[in-house]
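In: Give me a model of this one.
(2 chains)
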There are 2 protein chains.
Amino acid sequence: MVMRLRSYWRSSCSWRVRIALNLKAIDYEIDPVHLVKDGGEQFSELHTKLNPENLVPVLNDNEQAISQSVAICEYLEECHPTPPLLPKSTADRAVVRQMVEIINSSIQPIQNLRVGARLKKKYDFDERQVRAWNRHWIENGFDALERLVERHGGAACFGDEVTLADAFLVPQLYNAERFDVDMDRYRLLSAIDARLGFHPAFIEARPERQPDCPEHMRSVD
Amino acid sequence: MVMRLRSYWRSSCSWRVRIALNLKAIDYEIDPVHLVKDGGEQFSELHTKLNPENLVPVLNDNEQAISQSVAICEYLEECHPTPPLLPKSTADRAVVRQMVEIINSSIQPIQNLRVGARLKKKYDFDERQVRAWNRHWIENGFDALERLVERHGGAACFGDEVTLADAFLVPQLYNAERFDVDMDRYRLLSAIDARLGFHPAFIEARPERQPDCPEHMRSVD
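Out: Here you go, the predicted structure:
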């Protein structure tokens, strides 16, 4: 049975998983979950049953529903090891996982939609303040990531082969640009992102290529 | 050469790794990093070189410095597979990793020291507001985790054997109590925490057992 991914076009966590699925050339279908409409479809009864965290993405495979993008990507790596998205040696794998977690844990959770929404609703942050908040945490993580890539990177975040670190970087960089992070500070991350802009697996995973992307956003970069 | 862990006694991320090291009976030594004193020793030149993110923990093994607790635990699992801290089947491993990431990504990053410090310094939150903020995100994640444990748990978070999910749960539960989360809502998580209170690997990892725990905190629960 074909895998199904519950995904939202603009969710960076869904986007990471789409990249991983595409890189491994796994056949899958998208079930769109609209995070904003009607208070958010992630709170529906069906979705709550599949993921009690009420977040996307959720991967459905063999009647199992898996959430959390890192858990999904590790699962894909174990079930579909070719091509690998982690290097071979334990030492190198640790570096890639560290890069992944800088984005997955140190950046994205603090600058995501639900945190911004709470800062606005409960603490009277305006849009400008939320954007500054987001920018701060992205820059904080990117400062570290740029240094790690300087040490370990090449054409990609780790060496010259695409790894999970790249699948996590590209969607985060899209958010960085949305929130006006000065990407001149991150020459290496920007260069990798630019190169991956030509990679079919990355192109197909982009938000504007998704079935649930609104028509008027399809031509927006 | 013996492993060394750069750790702070009260850091929940350091604590997770101490539990994993103890469970695997790996010999290691602690290098304390004081996160508050003198503006924070994590910003020293030495620490920055080892971890450009300026966070603990950092595991030093064979001249490699590994950061991010998930990356460290996966590394330990690969280098020292016995006893395993992840189940055997890919499907089960995905569930445990999902539990781990609920704490690692959905809860802890939003309620940690540096986020609270920024809310206070930059946005005039008082102590009470920061505590309510922390509580909200812990409850949000624990609501989901309690349901997953209901579905998959036993004596431990996943079945009856200790896994990484338990190593991540116990320190997070300590924080939940610090911030007055009503633990009556989380009967299963509380019961697991209580059981693990008798487990030597968990006891030895506790903050008050650490060399850098201040004398007056040693008897505090």
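
In: Spell out whether the single longest helix found in chain A and chain B are in contact.
Out: For chain A, the helix that runs over the most residues, judged by DSSP state H, is helix A:127-152. Yes - counting by CB under 8 Å from any CB of the partner chain, chain B has neighbours in helix A:127-152: A:129, A:136, A:141, A:143-144, A:147-148. For glycine as for every other residue, the C-beta is placed from the backbone atoms N, C-alpha and C.

In: Mind checking which of those residues are buried?
Out: A:129, A:136, A:141, A:144, A:147-148 (16 or more other CB atoms under 10 Å in any protein chain shown).

In: what would the residues of helix A:127-152 next to chain B look like in TSV with pLDDT and distance to residue B:155?
Out: Listed next are these as TSV, based on pLDDT from 0 to 100; distance: CB to CB, whole Å:
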residue	pLDDT	distance to residue B:155
A:129	97	46
A:136	98	42
A:141	98	37
A:143	98	43
A:144	98	38
A:147	98	43
A:148	98	39
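
In: Show me where chain A has its strands.
Out: Counting by DSSP state E, the segments of chain A that form strands are A:3-7, A:28-32, A:58-61, A:64-67.

In: quick one: the third one to chain centroid distance?
Out: Between the centre of strand A:58-61 and the centre of its chain there are 16 Å (CA atoms, centre = their mean, to the nearest Å).

In: Which strands or helices does that strand pack on?
Out: In terms of contacts (3 or more CB pairs under 8 Å, 6 or more residues apart in numbering or on different chains; DSSP states H and E), strand A:58-61 is packed against strand A:3-7, helix A:45-50, strand A:64-67, helix A:69-79.

In: repeat that for 7 Å
Out: Applying 3 or more CB pairs under 7 Å, 6 or more residues apart in numbering or on different chains; DSSP states H and E, we find strand A:58-61 packed against strand A:3-7, strand A:64-67.

In: just so I know, which of those strands lies nearest chain B?
Out: For chain B, the closest of the helices and strands packed on strand A:58-61 is strand A:64-67, at 4.6 Å, according to CB to the nearest CB.

In: How about the residues of chain A by chain B?
Out: Contact residues, chain A versus chain B (CB under 7 Å from any CB of the partner chain): A:52-53, A:64, A:66-68, A:70-71, A:74-75, A:78-79, A:90-91, A:93-94, A:97-98, A:101-102, A:104-106, A:109-110, A:115, A:144, A:147-148.

In: and the longest helix of chain A, what other elements does it pack with?
Out: Packed against helix A:127-152 by the contact rule (3+ CB pairs under 7 Å, 6+ apart) you find helix A:90-101, helix A:113-123, helix A:164-178, helix A:187-196.

In: now the last one against helix A:164-178, angle please.
Out: What separates the directions of helix A:187-196 and helix A:164-178 is an angle of 100 degrees, with axes from the mean of the first three to the mean of the last three CA atoms, to 10 degrees.

In: Can you point out the buried residues in helix A:187-196?
Out: Residues of helix A:187-196 classed as buried by neighbour count (16+ other CB under 10 Å): A:188-190, A:192-193, A:196.

In: where does chain A have low pLDDT?
Out: Along chain A, the model assigns pLDDT under 70 to residues A:220-221.

In: domains of it?
Out: Domain assignment for chain A, taken from automatic domain parsing, gives A:3-83+A:206-215, A:90-202.

In: among these, which is nearest residue B:30?
Out: In terms of CB to CB, the element of those nearest to residue B:30 is domain A:90-202, at 19.7 Å.

In: and the closest one, how far apart are its ends?
Out: 26 Å (CA to CA, to the nearest Å).

In: same question, stretch A:119-133
Out: Per CA to CA, stretch A:119-133 runs 10 Å from first to last residue.

In: what's next to that stretch, contact-wise?
Out: Identification of contacts with stretch A:119-133 by CB atoms under 7 Å, 6 or more residues apart in numbering or on different chains yields A:116, A:179-180.

In: and which of these is nearest to chain B?
Out: Using CB to the nearest CB, residue A:116 is the member of the contacts of stretch A:119-133 that lies nearest chain B, at 11.6 Å.

In: okay, now that closest one: neighbour count?
Out: Residues near residue A:116, counting by other CB atoms under 10 Å in any protein chain shown, number 19.

In: Tell me how far the residue lying farthest from the centre of chain A lies from residue B:74.
Out: What lies farthest from the middle of chain A is residue A:124; by CA atoms, centre = their mean that is 27.9 Å. According to CB to CB, to the nearest Å, residue A:124 and residue B:74 sit 41 Å apart.

In: what's the answer for residue A:73, then?
Out: Taking CB to CB, one finds residue A:73 at 12 Å from residue B:74.

In: Near residue A:132, how many residues? Count them for me, please.
Out: Counted with other CB under 10 Å, residues neighbouring residue A:132 total 14.

In: try the one 3 residues further on
Out: The burial count assigned to residue A:135 is 18, neighbours taken as other CB under 10 Å.

In: The nearest residue to it once chain neighbours are set aside: how many residues sit nearby?
Out: In this structure, residue A:135 finds its nearest non-sequential neighbour in residue A:179, 5.0 Å apart by CB to CB, 6 or more residues apart in numbering or on different chains. Using other CB under 10 Å, the number of residues around residue A:179 comes to 18.

In: check contacts around residue A:179.
Out: Taking CB under 7 Å, 6+ apart, we find residue A:179 in contact with A:131, A:134-135, A:138.

In: and if you look at residue A:104?
Out: Residue A:104 sits next to A:69-70, A:168, B:105 when contact means CB under 7 Å, 6+ apart.

In: thinking again about what came up before, what's the closest of the helices and strands packed on helix A:127-152 to residue B:11?
Out: Nearest to residue B:11, of all the helices and strands packed on helix A:127-152, is helix A:90-101, at 15.3 Å by CB to CB.

In: Now do that closest one against helix B:69-79, angle only.
Out: If you take the same axes, to 10 degrees, helix A:90-101 sits at 160 degrees to helix B:69-79.
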